[in-house]
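[1] how would this look folded up:
(one chain, ligands or ions: 1)
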Amino acid sequence: MSKTLEYNNHHPGLIRAWKMVAFAACISILMVFSVPSVQAAPAGSVLEKPALAQEIFRNPPLLPPRRKATPVTTQQNQPPDNKVFDLDIKYVKAELNNPAKRDPKDPSKPSYDTVLLRSYQGTGTSEKTPFVAPTIEAKPGDTVRINLNNKLPDQPSPDCKDSRDTTDENVLNCYNYNRTNLHSHGLWISPNGNSDNVLLTIEPGETFTYEYKIPRDHPAGTFWYHPHRHGSTAIQVASGMAGAFIVRGDRLPSESVNGDIDTLLNKAEIKERILVLQQIQYACLYENGEIKDKKDRKGKVVAWVCEPNEIGKIESYNRFFGPGTWGESGRYTSINGEILPTFKDAKAGEIERWRIIHGGVRATINLEFRKLKENPPNFNTLKTADADSYIGKNCTGDPIKYHVIADDGLTRSQAWQTTLTTLQPGYRSDALVVFPEAGKYCVVDASAPALGSVNAQGESRQLLGVVEVSVTQDEKEKYDIHGYLTDKLVEAAGNLSISTLLKENIVNDLKDDLKLSAFTPHTVIKDNEVKGNKQELTFFISNSPTKFEISNTLDTKDAQPYDHTRIDRKLKLGSADEWTLQSGAASHPFHIHVNPFQIVKISDKNNKDVSLPGAVDNFSGTNDPQYPGLKGVWKDTLFVKPNYTIVVRTRYQRYPGEFVIHCHILDHEDQGMMQNVSIVDPAKGAGTNTTSHQ
Ligand SMILES: [Cu+2]
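    As a prediction, this is how the structure comes out:
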């Protein structure tokens, strides 16, 4: 145990992994059978305090006042498991389908590019799709251990031309690209020790065991994991190093405690799909490191190209990231490691739960489903530049209505009916989808306006894949989806093993426009909990030289790039803050580790609240669908556009320690758009990162 002493008084920042290994081994033995501490959350009963109700209802919207709503804390029916994953990180050479290239032997078929990319290999990985990480599934109460074995070479790739001799941690440096670590994005677990700690480095050749003790009251939902070492995050995530992390719950709601939405959906026998969306942005390079591309007559790059004998790689930030690069690459957003996949086993009228994870870097996804007309031209050789026209001619059905039930893994208090969901990098969306009739449906990524996109130049419409829907007796062509879904969920609620009174409440909730109040994981953060506590944050990009920065105020003059030795914010354990988020240059997805936040308000410059359901967000001239309906929603990642003011609230309910907030355009994060925050227990003072799991 003597190694644990090395934790004392360390500077925040990049702890070398060798210090951690012995420590991890020691605490593993101690922690495996111990019980994670469960700290009671403030009760959210509005009935108990009727005088407050008026004030509370104004902002943000609340759960219906007729029932209590507290975080789920009941014991899982199943005992906790200890799950172990072995993940090697190494270069993998594989063939990636490239619809823009034709098979010389059969031009009706696509060809492929050979690529050599960093990849997770090990438990649950597939040879066919090496550039997506395996899905990790766990229950609240489980301990998940991931043996991360960094087998990347201890030297920069010969193809890398990025600056190698700088000591500036925000200047991209080839020597960093094979360093790594792991982040469990959205998990509500400790940021310390060998838990969700992204402030350490696992060097090439080192092995490190991450151990996630998922508390018993952890929400069930859709989360994900990816590398997060400052300076190599974008390169590694863009190579496909990202996977789903699903927490499944079987806790029924009770009169005093909320339950898992899984219990209701399982009763309704709803099938699910897990979809990890990624942008794998490989290129073939000239000897000088420049990307081989194809230009149109006006000299505009229309695609990156690889000859048959060449190998596509991601070894540099030069032209790989930045505004417009994803579009010009002509690459495709992959789903679960496949390009333009066909989902074959859907049935008309069946409700499916789509757990959608944006695990990519440089595209905004606006998800729609549209019926594909009969006998369409083949889409397996569709170039991204031709996708808009193909969709316009062939995906001619109206976008189908579907219902979002969770954002970033956290169940909404009411299902949100929509025809389009915006997923920025890091976002998750759980949607209940019903394909109303047999046939084929296009999975469409609708166009995004410039300021609504992480590409900063707007994005054209793309095809992501196709769903083949077979006919059943229950074809729902003639039904309205909202009513059909309500009926199915009401029927399922009737079969839950809960008290008659609660069942009645849940049924009434569902009939009241699909409210899900009995299944939300977090209580509303009210004014009297925030007590006027404030945090301010502004993203900024300063010029000459370019610096990616964050300000602790709403003034861009205070913005600074990341410094691993600096704690940017000290936050008080047990308290709640209201955060005001802005951007002084371009749009950036704000992500905070560990504790999620609740959206209070998103205002444009005219002070119009565009987070309200039904709001029209057209301040920049183009209609942007991403904000309306987000009021009151809990998330861990949220897009911040310039000229908008976003107000969110978060509580630091447990887990003292140090972690980060950052822009989820990961190349921005790598270049300095990140801050260290420390949650300090007022009873114990600073230096809390000497503890391990809380
Ligand atoms: Cu950014």
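[2] Tell me which strands the longest strand along the chain pairs with, and in which orientation.
    Longest strand of the chain, by residue count under DSSP state E: strand 82-102. Here strand 82-102 has these sheet partners by DSSP bridges: strand 110-122 (antiparallel), strand 143-150 (parallel).
[3] Pretty sure Arg566 is one of the things Ser678 touches, is it not?
    No - between Ser678 and Arg566 there is no contact under Cβ atoms under 8 Å: 10.5 Å. (C-beta placed from N, C-alpha, C; glycine too.)
[4] neighbour-wise, which of those two wins?
    Set Ser678 next to Arg566 and count neighbours by other Cβ atoms under 10 Å: Ser678 wins out with 19 against 12.
[5] Report whether the expected contact of Leu464 with Leu277 is present.
    Yes - checked against Cβ under 8 Å, the pair Leu464 and Leu277 is within contact range at 7.4 Å.
[6] list the residues that contact both of those two?
    Taking Cβ atoms under 8 Å, 6 or more residues apart in numbering as the contact rule, Leu464 and Leu277 both touch 333, 335, 365.
[7] Filter those down to the ones in strands?
    In strands, judged by DSSP E, the following of the shared contacts of Leu464 and Leu277 are found: 333, 335, 365.
[8] Could you tell me how many residues sit around the closest residue to Gln626 other than its chain neighbours?
    Nearest residue to Gln626, sequence neighbours excluded (Cβ to Cβ, 6 or more residues apart in numbering): Thr422, at 3.6 Å. Neighbourhood size, Thr422 [other Cβ under 10 Å]: 22.
[9] Over to Gly289?
    Neighbours of Gly289 under the rule other Cβ under 10 Å: 14.
[10] How about the contacts made by the closest residue in space to it that isn't next to it in sequence?
    Computed as Cβ to Cβ, 6+ apart, the closest residue to Gly289 that is not its neighbour in sequence is Lys161, at 3.6 Å. Residues in contact with Lys161 (Cβ under 8 Å, 6+ apart) are 174, 288-289, 316, 318.
[11] Next, format the strands paired with strand 82-102 as TSV and append distance to Leu265, mean neighbour count and mean pLDDT.
    Listed next are the strands paired with strand 82-102 as TSV, based on distance: least, Cβ to Cβ, whole Å; neighbours: other Cβ atoms under 10 Å; pLDDT from 0 to 100:
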stretch	distance to Leu265	mean neighbour count	mean pLDDT
strand 110-122	29	22	96
strand 143-150	23	22	96
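[12] so which of those comes closest to His588?
    strand 110-122 (25.0 Å; Cβ to Cβ).
[13] any idea which helix or strand comes after the closest one?
    Heading C-terminal from strand 110-122, the first helix or strand you meet, by DSSP states H and E, is strand 136-138.
[14] quick one: strands adjacent to that following strand?
    strand 243-247 (parallel).
[15] Only C-alpha atoms, please: export the partner strand in CSV.
    Output in CSV follows, covering the C-alpha atoms of strand 243-247 (Å, rounded to 0.1, in the frame of the first residue of the first chain):
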residue,chain,number,x,y,z
GLY,A,243,-17.9,2.3,-27.5
ALA,A,244,-21.3,2.1,-25.8
PHE,A,245,-21.6,1.8,-22.0
ILE,A,246,-25.1,0.7,-21.2
VAL,A,247,-26.4,0.7,-17.6
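[16] Would you verify that Gln363 is located in a helix?
    For residue 363 the amino acid is Ala, not Gln. No - applying DSSP: H, G, I helix; E, B strand; the rest coil, one finds Ala363 to be coil, outside a helix.
[17] tell me how far the ends of stretch 215-227 are from each other?
    End-to-end distance of stretch 215-227 (Cα to Cα, to the nearest Å): 22 Å.
[18] can you give me the strands for the stretch 551-694 of the chain?
    For the stretch 551-694 of the chain, strands defined by DSSP state E, counting those that start in this stretch occupy the ranges 569-572, 576-583, 588-592, 597-603, 634-635, 637-640, 645-651, 657-663, 674-680.
[19] Dump the ones you listed into TSV; add distance to Phe131 and mean pLDDT as well.
    Shown next, in TSV, are those (distance: least, Cβ to Cβ, whole Å; pLDDT from 0 to 100):
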stretch	distance to Phe131	mean pLDDT
strand 569-572	36	96
strand 576-583	31	98
strand 588-592	22	98
strand 597-603	31	98
strand 634-635	27	98
strand 637-640	22	98
strand 645-651	33	97
strand 657-663	24	97
strand 674-680	25	96
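[20] Between those strands, which one is closest to Gly221.
    Of all the strands of the stretch 551-694 of the chain, it is strand 634-635 that lies closest to Gly221, at 10.1 Å by Cβ to Cβ.
[21] Around the ion, which positions in the stretch 201-350 of the chain sit nearby?
    The stretch 201-350 of the chain has no residues near the ion, with proximity defined as Cβ under 5 Å from the ion.
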